[in-house]
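Trainee: whatever this is, show me its structure:
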Amino acid sequence: MHEWKSVKPIQYYCGSLDFTRLCDLGRLRFLHKMAGCQNVALNECFSRIAVSNRFEEYIVNFSLSLYAVNGAVYSKFASICGM
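Mentor: Model (predicted):
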């Protein structure tokens with residue numbers, strides 16, 4: 001077993017995410033807030049942003065709640081950990 005593989009289940013059981021998922025969660029939260037913003041200029045910017053393939057693995061709909069976005073990232077991390 002590699003060192004980094006043994007840490008992921010410990011992080012999972014402690015309710016923490018690994019660095020990659022933390023960065024993705026921050027980006028997804030930002031995009032979620034942009035999607036719900038009432039500012040016309042920000043809405044125009046958001047409509048032109050192409051969500052990268054990196055975020056397609058989370059199956060996130062930005063019309064859902066922020067709780068659902070968090071749950072998608074934590075679910076993905078659980079599947080990576082084999083839980």
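
Trainee: going forward, measure contacts and count neighbours with C-alpha atoms only.
Mentor: Noted.

Trainee: what about His32, neighbour count?
Mentor: 20 (other CA atoms under 10 Å).

Trainee: below-threshold pLDDT in this structure: ranges please.
Mentor: For the chain, the stretches with pLDDT under 70 are 1-5, 49-54.

Trainee: cutoff 50 now
Mentor: Residues of the chain meeting the criterion pLDDT under 50: none.

Trainee: centroid residue for it?
Mentor: Closest residue to the average C-alpha location of the chain: Leu25 at 3.4 Å, with CA atoms, centre = their mean.

Trainee: contacts only, for that residue.
Mentor: 69-70, 73 (CA atoms under 8 Å, 6 or more residues apart in numbering).

Trainee: could you dump those residues into JSON lines and include neighbour count and distance to Leu17?
Mentor: Formatted as JSON lines, those follow (neighbours: other CA atoms under 10 Å; distance: CA to CA, whole Å):
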{"residue": "Val69", "neighbour count": "21", "distance to Leu17": "14"}
{"residue": "Asn70", "neighbour count": "16", "distance to Leu17": "11"}
{"residue": "Val73", "neighbour count": "21", "distance to Leu17": "9"}
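
Trainee: what about those, which are in strands?
Mentor: Within the contacts of Leu25, no residue falls in strands by DSSP state E.

Trainee: for those, which one is nearest Ala35?
Mentor: When the contacts of Leu25 are compared for distance to Ala35 (CA to CA), Val69 wins out at 12.6 Å.
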